[in-house]
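K.L.:
Requesting a structural model of the entry that follows:
(2 chains)
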Amino acid sequence: MNKNIDTKKIIISNPLKLDCGKEINNFPIAYETYGELNSEKSNAILVFHALTGDQYVSGKNPITNKDGWWSYVVGENKPIDTNKFFVICANVIGGCMGSYGPSTINESTGKQIGTDFPIITINDMVNAQYELIKYLEIEKLFAVVGGSMGGMQVLQFVANFPDKAKLAIPIACTSSHSAQNIAFNELGRQAIMADSKWENGFYSNYKLNPDKGLAVARMAAHITYLSEKGLQEKFGRKLQDRDSLRYGFEADFQIESYLRYQGSVFVDRFDANSYLYITRAMDYFDLSKQYKGNLSDAFKETKTKFFVISFTSDWLYPTSENREIVIALNSIGADVGFVEIESDKGHDSFLLDVPSFLKTLGDYINSTYKVINERRI
Amino acid sequence: MKEEFNIISNLIEENTRVLDVGCGNGDLMKFLQENKTKDIRGLEISKEKVQNCLSKGLTVIEGNAESDLKQFPKSSFDYVILSQTLQAFLNPELVINELLKVGKKVIVTIPNFGYWRVRLQLLFKGTMPVTENLPHEWYNTPNLHMCTIKDFYNFCSSKNIKIFKSIALKKSRISEINKSNLNYKNLDSHLGIFLIES
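P.N.:
Predicted coordinates for the structure are as follows:
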């Protein structure tokens, strides 16, 4: 991880009380913006990133030199058109791209905080990002948008700040992490913690990195982002650079080689402790529990318009879980639209080139923006 | 189509809360949005049609009226509309009951299987009727439970459903249906439009 790149960053001086009971202050939030804020400040969209995302939504990511993680959705002439909208995305707290996280240097010791970092939740992440919105002096966002863990943040944001967004678009997410979700996250964490280089989270003190464990965590998680059909069609039993099996444990199959590659590039850009903390935050997410078992109560105070999107082949956050959000909103008469998009690309569909998703999302955002502006005039 | 939209629109009071069940591509929703009320939602089973609606900025939920109307609270809409869709459900009676729960008033429109052109086809050709309003062949029709204006009228009386207004449409001619002209309207109209309440 190259930390020498200039990132936009603010220091939040207001103390933030975390769900775990600890309080943090004077902590950094790193963020990026795209497009221009209009004079009425009515065109701002806050995008929330997923587990391994960062603030670099569009354009070139300066750390990886690859396209931003949501380049299909955000950019000039994209569904969220930066010619028209002012897009903001912040690195979540707990992350490793400049916001306050386990790899932040503790100034008094000169060392990384490591596992002395407090446990954070989706609620804490959202509250920290709200400080950024205040700093940018945006009274009301046009929209809050995000997929996967980003979608969870969308739900939490509207629950916490019912009058701060006109439109909320949670995509491929859930209002509460299921046993299966927790199980996969635990698998990833155990892989990291089983790596002898993890050193109870203080690996940087020893100039070590638990990259084997982190790579395995990424490989396992990556499988959950794809669909069986997608995997079968793309890889099947195809062999990697060879005509026959080698009778060994090298990557004979293309799928093995693919996963090993995904694991190896991931460790270059992501911090193992961040992976532990962020997956924990996801596991702790249970919005209906926050409202005494009634999810509808989370949205009782809001007039925000909702648009919920799921994907047919997403088995990590399946349509049924997205529908529960829709049902909770309908039961209080909230303004909610919903569609399940046909795609073989699994949970990752929201990040990929899925034309019917991109078209529906873009058309919806643009026509809603027009309608809301017309009403205002 | 335009006449049907006008009649439905005239049955609805301004700035009320409306749900269009089986909203298709959202043409009726758009029409009502421009003429009557901004507060309108749709429910539609076809993904493609839902996407078309959402693209227009309409608030539509992908779902099946037979299973998904339950999620709306009782009387949460002033009007629930079911336009030429009743015949396509597996269980129309259940759907009508659900509609009457969700809506304070319900507007149901019915392609009339008792229309004389329909009757003549079966009588003289001996084949299942195919008309402008019922364009499908028997083997590919989505219509499982065709009924006539008279069937629906009788259904409402037998189930103690109040009929506020019943309108017959022939081409663009509009007339009221009542007990005494029921047999005639049932023969001479291609569409029946009912405003009902439980």
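
K.L.:
Can you verify residue A:263 is assigned to a strand?
P.N.:
No: read with DSSP: H, G, I helix; E, B strand; the rest coil, residue A:263 is helix and lies in no strand.

K.L.:
which one is it nearest to, not counting chain neighbours?
P.N.:
The shortest distance from residue A:263 to any non-neighbouring residue, by CB to CB, 6 or more residues apart in numbering or on different chains, is to residue A:215 (3.1 Å). The C-beta positions use only the backbone N, C-alpha and C, and glycine is treated the same way.

K.L.:
Any chance of the backbone angles for residue A:219?
P.N.:
phi -60, psi -50 (degrees, to the nearest 10).

K.L.:
Quick check: it touching residue A:264?
P.N.:
No: counting by CB atoms under 8 Å, residue A:219 does not reach residue A:264; the two are 9.6 Å apart.

K.L.:
Which parts of chain A belong to which domain?
P.N.:
Here the domain parsing of chain A from automatic domain parsing is A:8-177+A:285-376, A:182-279.

K.L.:
how distant is the last one from the center of its chain?
P.N.:
I take that to be domain A:182-279. Domain A:182-279 sits 19 Å away from the centroid of its parent chain (CA atoms, centre = their mean, to the nearest Å).

K.L.:
show me where chain B has helices.
P.N.:
Ranges of helices in chain B, per DSSP state H, are B:2-11, B:27-35, B:47-55, B:65-68, B:92-102, B:116-120, B:149-158, B:182-188.

K.L.:
Determine which of those approaches chain A most closely.
P.N.:
Chain A lies closest, by CB to the nearest CB, to one member of the helices of chain B: helix B:47-55, at 3.5 Å.

K.L.:
same question for that closest one, mean pLDDT?
P.N.:
On average, the pLDDT along helix B:47-55 is 96.

K.L.:
That one near chain A anywhere?
P.N.:
Yes: against chain A, helix B:47-55 shows contacts by CB under 8 Å from any CB of the partner chain at B:47, B:50-51, B:54-55.

K.L.:
how near is the residue of chain B most remote from its centre to residue A:129?
P.N.:
Centroid-distance maximum for chain B: residue B:124 at 28.8 Å, with CA atoms, centre = their mean. Distance of residue B:124 to residue A:129, computed by CB to CB, to the nearest Å: 72 Å.

K.L.:
ok, now which ones touch the residue of the stretch 151-300 of chain A found nearest chain B?
P.N.:
The nearest approach of the stretch 151-300 of chain A to chain B comes at residue A:296, 9.8 Å away (CB to the nearest CB). Contacts for residue A:296 (CB atoms under 8 Å, 6 or more residues apart in numbering or on different chains) come out as A:328-329, A:331-332.

K.L.:
In a strand, it, correct?
P.N.:
No: using three-state DSSP, the assignment for residue A:296 is helix, not a strand.

K.L.:
Could you report the neighbour count for residue A:131?
P.N.:
Per other CB atoms under 10 Å in any protein chain shown, the neighbour tally for residue A:131 reads 18.

K.L.:
what's the residue nearest to residue A:263 in contact with, if anything?
P.N.:
So residue A:215 contacts A:260, A:263-264, A:266-267 (CB under 8 Å, 6+ apart).

K.L.:
Closest one of the contacts of residue A:296 to chain B?
P.N.:
Chain B has its nearest neighbour among the contacts of residue A:296 in residue A:331, at 5.8 Å by CB to the nearest CB.
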